[in-house]
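Chemist: give the three-dimensional model of this entry:
(2 chains)
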Amino acid sequence: MTVLKLDAVRGLALCVDANGTRSTVETALVEPVARGDRLLVHAGTAIAGLTRGAP
Amino acid sequence: MRFVDEFRDAELGRVVGHEILSLIEPGRHYKFMEVCGGHTHSIYKYGIDDLLPANVELVHGPGCPVCVIPMGRVDDGIALAHQDGVIFTCFGDMMRVPGSEGSLLDAKAAGADVRMVYSPLDALRMAKRNPDRQVIFFAIGFETTAPSTALTLKRARAEGVANFSCMCSHVTIVPPLRALLESPDLRLDGFIGPGHVSTIVGARPFEFIPADYGKPVVIAGFEPLDILQAISMILRQRSGGRCEVENQYTRVVPYEGNLRALEVMAEVFELRPHFEWRGLGFISHSGLKLSEAYADLDAERRFGVPGVRVADPKACQCGEVLKGVIKPWECKVFGTACTPERPIGTCMVSSEGACAAYYNFGRFAREREVV
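Modeler: Take a look at the predicted model:
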């Protein structure tokens, strides 16, 4: 999912998935997070940032 | 889309397919277990088993979170859902898992307030919107999902949400793998390691598999090229005389895992002495419960549950499917009495269940082969 907006105080981000669905995501496990970051989200929690290489 | 399209590239798939062909010894049969239900789903969705040479067999493991929940736990959830003033929340798949007298969906039809959520955070939000009701979240899943529950419980504590609690049925991946490796039923040549669990726990917990059992492990992503490449990497280890844990899914899996997630899990959970797995029986130190520090948010303590052990239905062979002893279509009730619409066993419920994945993506092709 891609980060659209951050609520740094509450540790939450508004994210959008590839289908355009928006949801609130916990970011505590992957901070710091910036707008536009791609995150791997599982059950409402970002568990990893998608930052590393392609094949 | 970046991180997806490049891992579905047909030309690269052909290249890896040729690599696999070049690495196998003719006349030898290879049996690899994909541990995670997400891999099982991808294998059937993308027809990966059809791409492989006939002597490379994929066996499905116990890594589907919904599939491993025993009937007694579903009954406990239903008992909580029927309590006065309770809103019982769970993931969508969990609503259809049969207990001894129906599913949570049946309980909802009978008047219990059971609601589907996408995350524990949704359940907490529901608790805040309904301060006069008790909101219980039925937490299931492996280490991938457990941090999400842990963070929500910490948030409930921090925000003082007193009407929220959790029925914890989280499980851990290593104990069932150890149990499988000790099982005489199964002769495996290697493991495709669980990608998203490893995002949390890292690669280290799997080192016992090559060290103690002499089997290679390659942690893999969930796109078709990820899985094909993992198979090629396992074969390369075998042909090169190596046996170790390798990480194919480096774009999200650090070798040491997610330390913050492990910390929050250690704070909120503790291991149960035993936990019952559907079809696999009781496995020591394989389930999580809330730690003493979070005991006041434990729905089982707040309300009490029957906690009765219920045997799996006689017709159901989920245990053998979860252990990789039989293929989904070899179960007596597969596709006849047990379908995704009317499941008898858990493996037919979740899209990550081997039976549901096979039924949805492969059944008709195999029927044509038989005819």
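
Chemist: show me the contacts for the residue nearest the centre of chain B.
Modeler: For chain B, the residue nearest the mean C-alpha position is residue B:64 (2.3 Å; CA atoms, centre = their mean). Neighbouring residues of residue B:64 by CB atoms under 8 Å, 6 or more residues apart in numbering or on different chains: B:36-37, B:40, B:322, B:346-347, B:350, B:352-354. No exception for glycine: its C-beta is placed from N, CA and C like everyone else's.

Chemist: who wins for neighbours among these?
Modeler: Neighbour counts for those (other CB atoms under 10 Å in any protein chain shown) peak at residue B:347, which has 35 neighbours.

Chemist: shouldn't that residue be in contact with residue B:68?
Modeler: No - in this structure residue B:347 lies outside contact range of residue B:68 using CB atoms under 8 Å: 9.6 Å.

Chemist: list residues touching both of these two?
Modeler: residue B:322.

Chemist: hang on, the earlier thing: from residue B:296, how far off is the residue nearest to the centre of chain B?
Modeler: The gap separating residue B:64 from residue B:296 is 31 Å, by CB to CB, to the nearest Å.

Chemist: leaving out chain neighbours, which residue sits closest to the closest residue to chain A within the stretch 1-150 of chain B?
Modeler: When scored by CB to the nearest CB, the stretch 1-150 of chain B has residue B:119 as its residue closest to chain A, at 2.5 Å. Computed as CB to CB, 6 or more residues apart in numbering or on different chains, the closest residue to residue B:119 that is not its neighbour in sequence is residue A:44, at 2.5 Å.

Chemist: check which helix or strand residue B:60 maps to.
Modeler: strand B:56-63 (DSSP states H and E).

Chemist: and after that strand, which helix or strand comes next?
Modeler: helix B:71-81.

Chemist: CA atoms only: put the helix or strand just after that next one into CSV for me.
Modeler: Tracing the chain past helix B:71-81, the next element assigned as helix or strand by DSSP H and E is strand B:86-90. Output in CSV follows, covering the C-alpha atoms of strand B:86-90 (Å, rounded to 0.1, in the frame of the first residue of the first chain):
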residue,chain,number,x,y,z
VAL,B,86,-21.1,-8.7,23.3
ILE,B,87,-20.1,-7.7,19.8
PHE,B,88,-17.8,-10.5,18.6
THR,B,89,-15.4,-9.6,15.9
CYS,B,90,-13.2,-11.7,13.7
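
Chemist: close to chain A, is strand B:86-90?
Modeler: No - judged by CB under 8 Å from any CB of the partner chain, strand B:86-90 stays clear of chain A, getting no closer than 11.5 Å.

Chemist: can you pull out the strands in the stretch 251-371 of chain B?
Modeler: B:269-271, B:274-277, B:281-284, B:288-290 (DSSP state E, counting those that start in this stretch).

Chemist: okay, the ones you listed, which one's buried deepest?
Modeler: Comparing the strands of the stretch 251-371 of chain B by mean neighbour count (mean count of other CB atoms under 10 Å in any protein chain shown), strand B:288-290 comes out on top with a mean of 24.

Chemist: touching that strand from outside, list them.
Modeler: In contact with strand B:288-290 (CB under 8 Å, 6+ apart) are residues B:146, B:153, B:166, B:168, B:170-172, B:265, B:268-272, B:297-298, B:300.

Chemist: 10 Å instead?
Modeler: B:139, B:141-143, B:146, B:149-150, B:153, B:165-172, B:265, B:268-273, B:275, B:295-301 (CB atoms under 10 Å, 6 or more residues apart in numbering or on different chains).

Chemist: tell me the mean pLDDT for it?
Modeler: Taken as a whole, strand B:288-290 has a mean pLDDT of 98.

Chemist: ok, it: who's next to it in the sheet?
Modeler: Listed by DSSP bridges, the sheet partners of strand B:288-290 and their directions read strand B:269-271 (antiparallel).

Chemist: buried ones in the strand holding residue B:60, by neighbour count?
Modeler: The neighbour-count check on strand B:56-63 (16 or more other CB atoms under 10 Å in any protein chain shown) flags B:56-63 as buried.

Chemist: okay, those residues in TSV with pLDDT next?
Modeler: Output for the buried residues of strand B:56-63, formatted as TSV (pLDDT from 0 to 100):
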residue	pLDDT
B:56	94
B:57	93
B:58	94
B:59	91
B:60	90
B:61	88
B:62	87
B:63	86
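
Chemist: can you name the two of the residues you listed that are farthest apart?
Modeler: Pairwise distances among the buried residues of strand B:56-63 were taken by CB to CB; the largest, 21.0 Å, belongs to B:56 and B:62.

Chemist: where's residue B:244 relative to chain A, distance?
Modeler: The gap separating residue B:244 from chain A is 21 Å, by CB to the nearest CB, to the nearest Å.

Chemist: residue B:247 now?
Modeler: Applying CB to the nearest CB, the value for residue B:247 to chain A is 11 Å.

Chemist: without its sequence neighbours, what residue ends up closest to that residue?
Modeler: Spatially, and ignoring its direct neighbours in sequence, residue B:247 is nearest to residue B:219 (4.8 Å; CB to CB, 6+ apart).

Chemist: who's in contact with that neighbour?
Modeler: Each residue near residue B:219 by CB under 10 Å, 6+ apart is listed here: B:35-36, B:191-199, B:202-203, B:206, B:226, B:230, B:233, B:245-250, B:253, B:255.

Chemist: for the residue nearest to residue B:119, the count of nearby residues, please.
Modeler: Neighbours around residue A:44, by other CB under 10 Å: 24.

Chemist: what pLDDT does residue 18 get?
Modeler: Defaulting to chain A. Looking at residue A:18, its pLDDT is 87.

Chemist: to clarify, I was referring to chain B.
Modeler: 93.

Chemist: still on that earlier bit, can you tell me which of the contacts of residue B:64 lies nearest to residue B:130?
Modeler: Ranked by distance to residue B:130 (CB to CB), the contacts of residue B:64 are led by residue B:350 at 27.9 Å.
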